[in-house]
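> what's the 3D shape of this:
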Amino acid sequence: MKLSQLLSAIGARCPQDPDITALVCDSREAVPGALFVAMEGVNTDGRAHISDALARGASAVVCRPPLPRDVPGAAADDPRSALALLAAEFYGHPADRLTLIAVTGTKGKTTTVHMLRDILSDAGYKTGMLGTLGAYIGREKLSETINTTPEPITLHRALRQMADAGCTHAVMEISSQAMKLRRVHGLTFAAGLFLNLSPDHIGGAEHADFSEYRACKAALFRQCRLAVGNGDDPAWPVMAAQLPKNAPAAAFGFGPAADIRALTAEPDPDRPFSTRLTVEGAPAYHIPLPGAFNAADALAAVALSRALSLNDGAVRAGLAHVRVPGRTQRLTVPAPFTVLIDYAHNGGSFRALLSALREHNPRRIILVFGAGGDRPKMRRADMAQAAAQGADYAVLTADNPRSERAEDICADISAALGDFPHEIVPDRREAIFRALELARPGDVVALLGKGHEEYIEENGVRRPFSERAAVEEYFAAQC
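Modelled structure (predicted):
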């Protein structure tokens, strides 16, 4: 692709017109013929890496003014927005060939996009999915994703793969950081879905305060042709107010003012650790996941499906077989007790999960959990309090200690647990083994914090670790 064609996407021109073979925003990835977009990062300015990109063979540069002398390219006041437009051009505007659906909220994005992917697939649409767990075409994984919403180059590359594979729809998790950093700049979403909003991702390099966090979430809806949102959440009017003029909006919820109203969400008497959701005007939906939080995500999926005029039979089928790796994921084990994996890693998610498990009357709930290092220590006390309120026993262990010692993190949690029955086993594999040894018929062993992650991060290194494999190893040794 000629540089002139690429730069036309940002309304820029350049006297030189080399062939561009790659688009990069990391100078270490520059190759001969690349266009390097120099962006401001958290700790560095991409302009400082222009010379490195050129030394590696980059043919052109886009950066904040001024453009270095005698370097082909263009200056852009907002390189992040420019990168999004350049990526769309470089990959042939694949989004134009897809019906894009955006899902945002503090909690539940990953589960909800899985529900929508399965519903659309059952409705006969070949569907792509992008989010925390990676990029997918149907259930086939294309690639991992570093961010919940990938940077523009990765994003448009994945959308191109989906479009080329014949996908008609793509369901995407959209994070507040993605909006702040303009990762989806230039995209138009056929529909946007708002789940909920609570204080999170505040401080450090994320958001200055809750007001900024909310504003970034709301900005998504300026790019949506229609929206469906949680009418029980006080932030929904803020989101809906950002929609383009005359764009339709509908609210779901349990309250009487909801356009799509849930009547009941309760444990399914015929299916263990499942939920039966009743929505006004329709027979009950069955979801193979426990808890009010999963029911709320299913209600959101139902509401958006109705807004898109999808067949209710496809909605039922999609919800009935949904599975989300690392989200209340039950493992098949040769034992008279239940083992599940969940990503819960703060007090609020602990409380929601433990409340859901209690509804199914387990004999005991045994937890295996730790806390991430280099994160607010208050989170450790909050998780400990939730565990003491909702569980019966805990085995404390490592969970991405990063630059801290797992033993020190566990000691903080232990102090907050006080007299609640627990023990410390810093090695996570051994902690899982210990919890399984303690389990008796009717118990639930819940492995919390890692979810879909298959590594433990220590001192900048991600060491491979699979909780599923550890459980399988334990039971194989019992045979």
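> please tell me how far residue 317 sits from residue 284.
14 Å (CB to CB, to the nearest Å). Bear in mind the C-beta positions are built from the backbone N, C-alpha and C, glycine included.
> can you list the domains in this structure?
Using automatic domain parsing, the domain parsing of the chain gives 3-90, 94-320, 329-478.
> could you tell me the end-to-end distance of the last one?
Chord length of domain 329-478, first to last residue, is 23 Å (CA to CA, to the nearest Å).
> again, but for the second one
Its start and end residues considered, domain 94-320 measures 31 Å (CA to CA).
> average pLDDT across that domain?
Averaged across domain 94-320, pLDDT comes to 95.
> tell me the contacts of the residue nearest the centre of the chain?
Nearest to the geometric centre of the chain sits residue 132, at 3.5 Å (CA atoms, centre = their mean). The neighbours of residue 132, taking CB atoms under 8 Å, 6 or more residues apart in numbering as the test, are 109-110, 145, 148, 173, 452.
> same thing with residue 93?
Taking CB under 8 Å, 6+ apart, one finds nothing in contact with residue 93.
> which residue ranges of the stretch 301-450 of the chain form helices?
For the stretch 301-450 of the chain, applying DSSP state H, counting those that start in this stretch gives helices covering 312-320, 347-358, 378-390, 406-417, 428-438.
> packing partners of the third one?
In terms of contacts (3 or more CB pairs under 8 Å, 6 or more residues apart in numbering; DSSP states H and E), helix 378-390 is packed against helix 347-358, strand 365-369, helix 406-417.
> alpha carbons of the second one, as PDB, please.
Included here for strand 365-369 are C-alpha records, laid out as PDB according to Å, rounded to 0.1, in the frame of the first residue of the first chain:
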ATOM      1  CA  ILE A 365     -17.600 -23.900  50.600                       C
ATOM      2  CA  ILE A 366     -13.800 -24.300  50.500                       C
ATOM      3  CA  LEU A 367     -12.000 -21.400  48.800                       C
ATOM      4  CA  VAL A 368      -8.500 -21.300  47.300                       C
ATOM      5  CA  PHE A 369      -7.400 -17.700  46.700                       C
END
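> that strand pairs with which strands?
strand 393-396 (parallel), strand 444-448 (parallel) (DSSP bridges).
> looking at the helices of the stretch 301-450 of the chain, which is closest to residue 210?
For residue 210, the closest of those is helix 347-358, at 14.8 Å, according to CB to CB.
> contacts for that closest one?
By CB under 8 Å, 6+ apart, helix 347-358 touches 107, 198, 273, 290-294, 328, 342-344, 365, 379, 382-383, 385-387, 389-391, 444, 446, 448.
> what subset of those is buried?
107, 273, 290-294, 328, 342-344, 365, 379, 382-383, 385-387, 390-391, 444, 446, 448 (16 or more other CB atoms under 10 Å).
> ok, then the element right after the longest strand seen in the chain?
As assigned by DSSP state E, the longest strand anywhere in the chain is strand 260-267. Under the assignment DSSP states H and E, the closest C-terminal helix or strand after strand 260-267 is strand 275-279.
> quick one: list the elements packing against that next one.
Looks like strand 275-279 contacts strand 260-267, strand 285-287, helix 292-307 (3+ CB pairs under 8 Å, 6+ apart).
> neighbouring strands for that strand, and are they parallel or not?
Using DSSP bridges, the strands paired with strand 275-279 are strand 260-267 (antiparallel), strand 285-287 (antiparallel).
> so that strand versus helix 347-358, what angle?
Inter-element angle recorded for strand 275-279 and helix 347-358: 100 degrees (by axes from the mean of the first three to the mean of the last three CA atoms, to 10 degrees).
> about what we covered before: of the helices and strands packed on strand 275-279, which is nearest residue 127?
helix 292-307 (12.5 Å).
> output that closest one as CSV, restricted to C-alpha atoms.
Taking Å, rounded to 0.1, in the frame of the first residue of the first chain, the C-alpha atoms of helix 292-307 are listed here in CSV:
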residue,chain,number,x,y,z
ALA,A,292,-28.0,-13.2,40.1
PHE,A,293,-25.0,-11.7,38.4
ASN,A,294,-25.2,-14.3,35.6
ALA,A,295,-28.9,-13.9,35.4
ALA,A,296,-28.4,-10.1,35.0
ASP,A,297,-26.0,-10.8,32.1
ALA,A,298,-28.5,-13.2,30.5
LEU,A,299,-31.2,-10.5,30.8
ALA,A,300,-29.0,-8.0,29.1
ALA,A,301,-28.4,-10.6,26.3
VAL,A,302,-32.1,-11.2,25.9
ALA,A,303,-32.8,-7.5,25.8
LEU,A,304,-30.2,-6.8,23.1
SER,A,305,-31.4,-9.8,21.1
ARG,A,306,-34.9,-8.4,21.1
ALA,A,307,-33.6,-5.0,20.0
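> return the distance of the residue nearest to the centre of the chain relative to residue 375.
For residue 132, the distance to residue 375 equals 17 Å [CB to CB].
> before we move on, what about residue 55?
Taking CB to CB, one finds residue 55 at 37 Å from residue 375.
> my read: residue 194 touches residue 239, true?
Yes: with contact defined as CB atoms under 8 Å, residue 194 reaches residue 239; the gap is 4.7 Å.
> looking at these two, which has the bigger crowd around it?
Using other CB atoms under 10 Å, the more surrounded residue of residue 194 and residue 239 is residue 194, with 29 against 26.
> looking at strand pairing, list the partners for the more buried one.
Beta-bridge pairing of residue 194 under DSSP bridges involves residue 104, residue 229.
> what about residue 124, neighbour count?
Neighbour tally, residue 124, other CB under 10 Å: 11.
> quick one: residues contacting it.
Residue 124 neighbours (CB under 8 Å, 6+ apart): residue 314.
> how close does it get to residue 301?
17 Å.
> cool, residue 314 as well?
Relative to residue 301, and taking CB to CB, residue 314 is found at 11 Å.
> mind listing the shared neighbours of these two?
By CB under 8 Å, 6+ apart, the residues touching both residue 314 and residue 301 are residue 119.
> more neighbours, the two?
Just comparing residue 314 and residue 301: by other CB under 10 Å the higher neighbour count belongs to residue 301, 32 against 18.
> is residue 127 in contact with residue 166, as I believe?
No: look at residue 127 against residue 166 with CB under 8 Å: they stay out of range, at 10.5 Å.
> so for the two, which sits in the more crowded spot?
The neighbour comparison of residue 127 against residue 166 (other CB under 10 Å) goes to residue 127, with 27 against 9.
> dump the residue contacts of that one.
Residue 127 neighbours (CB under 8 Å, 6+ apart): 117, 120-121, 137-138, 167-171.
> what does residue 324 give?
By CB under 8 Å, 6+ apart, the contact set of residue 324 is 110-111, 114, 133, 289.
> give me that answer again for 7 Å
By CB atoms under 7 Å, 6 or more residues apart in numbering, the contact list for residue 324 reads 110-111, 114.
> buried sites along stretch 280-298?
Of all the residues in stretch 280-298, those buried under the rule 16+ other CB under 10 Å are 284-298.
> and the two most separated of the residues you listed?
Largest pairwise distance in those, by CB to CB, is 18.1 Å, between 284 and 293.
> any chance of the helices of the stretch 301-450 of the chain in CSV with distance to residue 25 as columns?
Output for these, formatted as CSV (distance: least, CB to CB, whole Å):
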stretch, distance to residue 25
helix 312-320, 36
helix 347-358, 33
helix 378-390, 32
helix 406-417, 34
helix 428-438, 35
